[in-house]
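[1] sequence? don't have it. structure:
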């Protein structure tokens, strides 16, 4: 089944790839690698999950925020390649969790991204990951996530 | 116009590429990629912008700190290539903003780096970006910034 | 002397490469680069250094934590290559220090990783580095560290 078909099966629509929020680009290709900029949990043009984990947001909110960030990153990969089937490997996910003192559920939050990537890309979706807490996040977003992928033409 | 000429036009002098502050190197080349170490806003051997954004420093201070970090990163790219014209693409800027509770102006701060890169490298300076808040920074620096570039011989 | 022999000389045993703590992989190879996931200071299946630097942990604890993370990352590189002699360059170490308000000893802490890499890999161990403070860390670990290496077959 194609990745686009799996998206449909999951009831997901690939959003329009979000524009960069300042003077940079949402993705760059160098050699066989595509890097995305840090993706925020934008949905329909607004931050869908704002606030800090362990304060106004729950771990489940964080999971959904990470899933939305990943969906936006995948939209960037689509924009970069024109066809998600060209993705050979999701090389790396860097996940930054906007969190209050004492929050430790970063891995569970970022599984929102890792699970989506596994559902869509299967074996090709196996990736390395960084999971870090951040004291203050642009636009008060709950999560920021960058993805690196290996592509083939 | 060459990038060195644009530097002159902007009234900027490429600093001596700052040495690493511990047991590592300021840049490494692998294949066609050059990675810099995290650059701090050193100027004439001292941290020019120390403190936290949203506390003792303003957003404009942060913008200038990011610009200084970027200038230092470009000095590393010069050291790595011998000639800035060999830079094909600025692939990625990772920007870390030393900030107090409640500060959210990371994108505006890091535009200090993105704007300089755009002024100097034009289309080749289009890059992906991460913008993150950091609670405590080495040497109390206002900003830390790493750059990745694609080079050609 | 081989890198494995140097490990023995230092009285170190390469641990079993720690498993990922969630839905991702501990390393991925793309082209000539191997990326590791963020490594925590696991030793014998438990976090050997838990807490915040500048609070319950000292700078020396942090140095040892960074050294343990680096040892775990090297175990991942061994798993990725089968033979540490295939490592051409340690390209990059990203070091994240779990720290309390006012802690500034990140470079000294991360020298625990940089020194080990230098002892083992010599000239090939020269690397770029990021050193950042993090307010909250998964599993309360003192340090998280990711390594990127260039390999040859």
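    Okay, I see it. Bear in mind that the values here come from a model prediction, so they are computed numbers and not experimental data.
[2] residue of chain A with the smallest distance to chain C?
    residue A:133 (3.4 Å; C-beta to the nearest C-beta). The C-beta positions use only the backbone N, C-alpha and C, and glycine is treated the same way.
[3] three-state assignment of that residue?
    What DSSP: H, G, I helix; E, B strand; the rest coil gives for residue A:133 is strand.
[4] Over to the nearest residue in space to it that is not next to it in sequence: give its phi and psi.
    Using C-beta to C-beta, 6 or more residues apart in numbering or on different chains and skipping the chain neighbours, the partner closest in space to residue A:133 is residue C:136 (3.4 Å). Note on residue C:136: its backbone torsions stand at phi -140, psi 140 [degrees, to the nearest 10].
[5] which residues does residue C:136 contact?
    Residue C:136 makes contact with A:54, A:97, A:99-104, A:106, A:133, C:98, according to C-beta atoms under 8 Å, 6 or more residues apart in numbering or on different chains.
[6] at 6 Å what do you get?
    A:99, A:103, A:133 (C-beta atoms under 6 Å, 6 or more residues apart in numbering or on different chains).
[7] Just the closest residue of chain A to chain B, please.
    Closest point on chain A to chain B, by C-beta to the nearest C-beta, is residue A:136, at 3.4 Å.
[8] Check what pLDDT that residue gets.
    We note a pLDDT of 95 for residue A:136 in this prediction.
[9] if I look at it, how far off is residue A:96?
    Separation of residue A:136 from residue A:96 (C-beta to C-beta, to the nearest Å) stands at 11 Å.
[10] Could you count how many residues lie near residue A:122?
    Around residue A:122 there are 12 other residues, counting by other C-beta atoms under 10 Å in any protein chain shown.
[11] any chance you could read off phi and psi for the residue positioned nearest the centre of chain A?
    The geometric centre of chain A, computed from its C-alpha atoms, lies nearest to residue A:70 (C-alpha atoms, centre = their mean), at 2.2 Å. When read as degrees, to the nearest 10, the backbone of residue A:70 gives phi -70, psi -40.
[12] Quick check, it in contact with residue A:112.
    No: counting by C-beta atoms under 6 Å, residue A:70 sits too far from residue A:112 to count as a contact (7.0 Å).
[13] ok now do the residue nearest to residue A:90 when sequence neighbours are not counted, which residues does it touch?
    Sequence neighbours aside, residue A:127 is the residue nearest to residue A:90 in space, at 4.2 Å (criterion: C-beta to C-beta, 6+ apart). By C-beta under 6 Å, 6+ apart, residue A:127 lies in contact with A:90, A:92-93, C:24.
[14] need the contacts of residue C:136 in TSV with neighbour count and pLDDT, can you?
    Shown next, in TSV, are the contacts of residue C:136 (neighbours: other C-beta atoms under 10 Å in any protein chain shown; pLDDT from 0 to 100):
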residue	neighbour count	pLDDT
A:99	28	97
A:103	22	95
A:133	27	97
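[15] Excluding sequence neighbours, find me the nearest residue to the residue nearest to the centre of chain A.
    residue A:113 (3.8 Å).
[16] Tell me which residues of the host helix or strand of that neighbour come out buried.
    If you go by DSSP states H and E, residue A:113 is part of helix A:106-121. Residues of helix A:106-121 classed as buried by neighbour count (16 or more other C-beta atoms under 10 Å in any protein chain shown): A:106-118, A:120-121.
[17] Name the residues that touch it?
    Contacts for helix A:106-121 (C-beta under 6 Å, 6+ apart): A:3, A:6, A:59, A:62-63, A:66-67, A:70, A:90, A:93, A:95, A:97, A:125, A:131, A:145, C:21-24, C:138.
[18] buried subset of these?
    By 16+ other C-beta under 10 Å, the contacts of helix A:106-121 give A:3, A:59, A:62-63, A:66-67, A:70, A:90, A:93, A:95, A:97, A:125, A:131, A:145, C:21-24, C:138 as buried.
[19] quick one: which of those sit in helices?
    Among the buried ones among the contacts of helix A:106-121, the ones falling in helices (DSSP state H) are A:3, A:59, A:62-63, A:66-67, A:70.
[20] where does chain A come near chain C, residue by residue?
    Within chain A, the positions adjacent to chain C are A:91-92, A:99, A:103, A:106-107, A:111, A:114-115, A:126-133, A:135, A:150 by C-beta under 6 Å from any C-beta of the partner chain.
[21] Residue numbers of chain A in contact with chain B?
    By C-beta under 6 Å from any C-beta, the part of chain A that sits against chain B consists of A:21-25, A:28, A:30, A:35, A:37-38, A:96, A:134-136, A:138, A:146.
[22] what packs against the lengthiest strand in chain A?
    With secondary structure taken from DSSP state E, chain A has its longest strand at strand A:87-98. Under the contact criterion of 3 or more C-beta pairs under 6 Å, 6 or more residues apart in numbering or on different chains; DSSP states H and E, strand A:87-98 touches helix A:106-121, strand A:128-134, strand A:143-151.
[23] tell me the two of the residues of chain A next to chain B that are most distant?
    Largest separation among the residues of chain A next to chain B by C-beta to C-beta: A:30 and A:135, giving 31.0 Å.
[24] Show the contacting residues for residue A:134.
    Per C-beta under 6 Å, 6+ apart, neighbours of residue A:134: A:96, A:98, B:132-133.
[25] go again using 8 Å as the cut-off
    A:96-99, A:144, B:132-134, C:134-135.
[26] And residue A:15, by the same measure?
    Contacts of residue A:15 by C-beta under 8 Å, 6+ apart are A:42-44, A:71-72, A:75.
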